[in-house]
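S.K.: Just to be clear, the model below is a prediction. Sequence and coordinates:
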Amino acid sequence: MGTKTAHKLELESELRKSINTDRYEFYYQPKVLANSHSLTGVEALLRWRDKDGHYQAPVDIIPLLESSGLILEVGPFLIEKACHQLKLWQQQGLNINMAINISAQQLLDSDLIGILNNAIKKTDCDPAYLELEITESVLMTDIELAYQNLIALKKIGVKIAIDDFGTGYSSLAYLSRFPINILKIDREFVKELPHNKDSITIIEAIIDLAHNLGLAVVAEGVENIEQIAFLEAIGVEEFQGFYFNKPLTQCDFNRQYLSQTQQMLENTI
């Protein structure tokens, strides 16, 4: 126990020292449109390198950032970093959405609106291409404050997505009240398709609910053609998963997608 505590304290110290440095970076997992499978956006997934250059598992880093409160210190840097990359892609002709994960502490932080506005202003990115992903349980932490901040975020022009939908606790009454644009079906339901009847029932119910509320649906964790065929048949709009691509470094993403976009632009001139 003492060894684990010492390691945790050392890791927290390194996380704090490396704020605003390139040791914090994003990997980008593509999202594609149903049927055409054309690129529509990415989810920015946080990665962190220790002082020896080794990547630490997100499952170890992110909970520590949140439990220590460091997420409020590194959050502004990460939001601006994502906005800057989005602007670069827009300038290079790649008009896609950028999804950023927002923790409970960030959503309920009184500075969040100012931080986002500053990042948008500083990078001159279009907020219409920004998506903020939150989990449904976060909404229930402080319902009124969450509602007020979501309304303010909506006024900025960003989209709001509920991540891992179906795995947490939420009230359908509040779900209809919040200014949400997208529901993301958790991978735990998707991985059992198309053979698990319970997963089919749950996913069909989520899609019906979402569409009746005027929300788009994204399926996470898509890994095979059977899942794709089933999900397209029942009305999922977007996919994200290893079948299409793993999370990519900025260089790998540019090499794979940006070159294609620039080639298409050259062909139209």
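M.R.: That came through fine.

S.K.: so Cys251 is in which element?
M.R.: Assigned by DSSP states H and E, Cys251 belongs to helix 250-253.

S.K.: low pLDDT regions in the stretch 1-150 of the chain?
M.R.: Counting by pLDDT under 70, the stretch 1-150 of the chain contains low-confidence residues at 1-2.

S.K.: Show me what counts as buried in the helix holding Cys251.
M.R.: Phe253 (16 or more other CB atoms under 10 Å). No exception for glycine: its C-beta is placed from N, CA and C like everyone else's.

S.K.: From the chain's centre, how far out is that helix? Work that out for me.
M.R.: 17 Å (CA atoms, centre = their mean, to the nearest Å).

S.K.: now stretch 119-129
M.R.: On CA atoms, centre = their mean, the centre of stretch 119-129 falls 17 Å from that of its chain.

S.K.: got the end-to-end distance for it?
M.R.: End-to-end distance for stretch 119-129: 14 Å, by CA to CA, to the nearest Å.

S.K.: residue boundaries of the strands in the stretch 1-150 of the chain?
M.R.: 24-33, 39-49, 55-56, 97-101, 130-135 (DSSP state E, counting those that start in this stretch).

S.K.: Of those, give the one that comes closest to Leu193.
M.R.: Evaluated with CB to CB, the strands of the stretch 1-150 of the chain place strand 24-33 nearest to Leu193, the distance being 17.1 Å.

S.K.: Can you check what angle separates that closest one from strand 39-49?
M.R.: Orientation check (axes from the mean of the first three to the mean of the last three CA atoms, to 10 degrees): strand 24-33 against strand 39-49 gives 160 degrees.

S.K.: list the helices and strands strand 24-33 packs on?
M.R.: Strand 24-33 sits against strand 39-49, helix 71-91, strand 238-240, helix 250-253, with contacts defined as 3 or more CB pairs under 8 Å, 6 or more residues apart in numbering; DSSP states H and E.

S.K.: do that again at 10 Å, thanks
M.R.: strand 39-49, helix 58-68, helix 71-91, strand 97-101, strand 216-220, strand 238-240, helix 250-253 (3 or more CB pairs under 10 Å, 6 or more residues apart in numbering; DSSP states H and E).

S.K.: Dump the ones you listed to JSON lines, plus distance to Asp109.
M.R.: Output for these, formatted as JSON lines (distance: least, CB to CB, whole Å):
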{"stretch": "strand 39-49", "distance to Asp109": "17"}
{"stretch": "helix 58-68", "distance to Asp109": "12"}
{"stretch": "helix 71-91", "distance to Asp109": "6"}
{"stretch": "strand 97-101", "distance to Asp109": "14"}
{"stretch": "strand 216-220", "distance to Asp109": "26"}
{"stretch": "strand 238-240", "distance to Asp109": "27"}
{"stretch": "helix 250-253", "distance to Asp109": "27"}
